[in-house]
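S.K.: Compute the structure for the input listed below.
(one chain, ligands or ions: 1)
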Amino acid sequence: MTNGNGVAGPSDDLVVVHSSDLHLGSGPYHHRREVDELGALHEVLAAALELNAHALLLAGDIFDHNRLPLDLLDRAAHAMAGAALPIVILPGNHDPITPDSVYRRGGLADPANVHVLGITVDERLDLPDLDLEIWGAPHADYHDMSPLHPPRERSMGRQIVMGHGHWLTGPHDAHRSWLIFDEDIAAASADYVALGHWDLAQPAGDGSVPAYYSGSPRYSGSVNVVVIARDGTVDVRRKPLRPGVPERFEPPA
Ligand SMILES: [Mn+2]
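M.R.: Have a look, this model is predicted:
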């Protein structure tokens, strides 16, 4: 049960909305019959507010690149500040926390409800009101890194780990960067692993720990809705952003 105010008591279910790969600034986005460069952000924020979510997680590549104009960054910051819930951003390989990062140049790190891993906090954000800690290794630059390694110990009642990278499904993928291995996911003590980098919404890992890609709103047409019950039960489904999008996940590729 949630109280609808974005505040969960210790006995309440926690509702988290997870998206990624909005690639804001990559071009027009068709949103409610209008073309809006920030349409993906508006859709995701609206979905989180409609669900009375306690937090919104954005798992990397929120912005298409770090050279975006300040005007667009400020409009995005304004939209996020206007949403009355914690927003947790993990910088990805398109928007890493380089010196010229979008998260350093504009006002994105300013709103009190916006938390950028690697900028406003280190790799861990505590939300004690929600009895929730959120871990994530931000992309620091454009070089390879290991998104989920090493595993982080849990110190609060609920833990979510965010990662932006490529889940390795076989030897054909081994040449890729930012690899996420089944062992990495299984080693996480998390209630949920929020992944980004892939366009489609789908589960990842061997199933021992709930881990999902949300996909890009543009291609998946949905956000992930994660409900962590006080008894530890985790339910994950998709919330379609437009007609014709299923609530079930695509099978692993
Ligand atoms: Mn990416």
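S.K.: contacts, neighbours, all on C-alpha from now
M.R.: Fine.
S.K.: Identify the residues contacting Val193.
M.R.: 160-163, 185, 209-212 (C-alpha atoms under 8 Å, 6 or more residues apart in numbering).
S.K.: sec struct for it, please.
M.R.: strand (DSSP: H, G, I helix; E, B strand; the rest coil).
S.K.: Could you measure from it over to Met162?
M.R.: 6 Å (C-alpha to C-alpha, to the nearest Å).
S.K.: what ranges of the stretch 1-150 of the chain fall below the confidence cut-off?
M.R.: Along the stretch 1-150 of the chain, segments meeting pLDDT under 70 span 1-11, 31-34.
S.K.: What ranges does it have for its helices?
M.R.: 39-50, 70-81, 102-105 (DSSP state H, counting those that start in this stretch).
S.K.: Okay, and which of the contacts of Val193 map to helices?
M.R.: Ile185 (DSSP state H).
S.K.: Keep only those of the contacts of Val193 that are in strands.
M.R.: 160-163, 211-212 (DSSP state E).
S.K.: Closest one to Pro111 out of these, please.
M.R.: Met162 (20.9 Å; C-alpha to C-alpha).
S.K.: before we move on, back to that, got the contacts of Val193 as JSON lines, with pLDDT and neighbour count columns?
M.R.: Shown next, in JSON lines, are the contacts of Val193 (pLDDT from 0 to 100; neighbours: other C-alpha atoms under 10 Å):
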{"residue": "Ile160", "pLDDT": "98", "neighbour count": "22"}
{"residue": "Val161", "pLDDT": "98", "neighbour count": "25"}
{"residue": "Met162", "pLDDT": "98", "neighbour count": "30"}
{"residue": "Gly163", "pLDDT": "98", "neighbour count": "29"}
{"residue": "Ile185", "pLDDT": "97", "neighbour count": "26"}
{"residue": "Val209", "pLDDT": "97", "neighbour count": "19"}
{"residue": "Pro210", "pLDDT": "97", "neighbour count": "21"}
{"residue": "Ala211", "pLDDT": "98", "neighbour count": "27"}
{"residue": "Tyr212", "pLDDT": "98", "neighbour count": "25"}
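S.K.: what's near enough to touch Arg154?
M.R.: 133, 189-190.
S.K.: Nearest to Ala140 among those?
M.R.: Closest to Ala140, out of all of these and judged by C-alpha to C-alpha, is Glu133, at 21.0 Å.
S.K.: of all the helices of the stretch 1-150 of the chain, which lies closest to His23?
M.R.: Closest among those, using C-alpha to C-alpha: helix 39-50, at 8.5 Å.
S.K.: Give the buried residues for that closest one.
M.R.: The neighbour-count check on helix 39-50 (16 or more other C-alpha atoms under 10 Å) flags 39-45, 47-49 as buried.
S.K.: ditto for stretch 165-173
M.R.: In terms of neighbour count (16+ other C-alpha under 10 Å), stretch 165-173 has its buried residues at 165-169.
S.K.: Okay, and which of those residues map to strands?
M.R.: Using DSSP E, the members of the buried residues of stretch 165-173 that fall in strands are 166-167.
S.K.: Redo the buried residues of stretch 165-173 as JSON lines? Include pLDDT and distance to Ala109.
M.R.: Putting those into JSON lines (pLDDT from 0 to 100; distance: C-alpha to C-alpha, whole Å) gives the following:
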{"residue": "Gly165", "pLDDT": "98", "distance to Ala109": "23"}
{"residue": "His166", "pLDDT": "97", "distance to Ala109": "27"}
{"residue": "Trp167", "pLDDT": "97", "distance to Ala109": "29"}
{"residue": "Leu168", "pLDDT": "95", "distance to Ala109": "32"}
{"residue": "Thr169", "pLDDT": "89", "distance to Ala109": "35"}
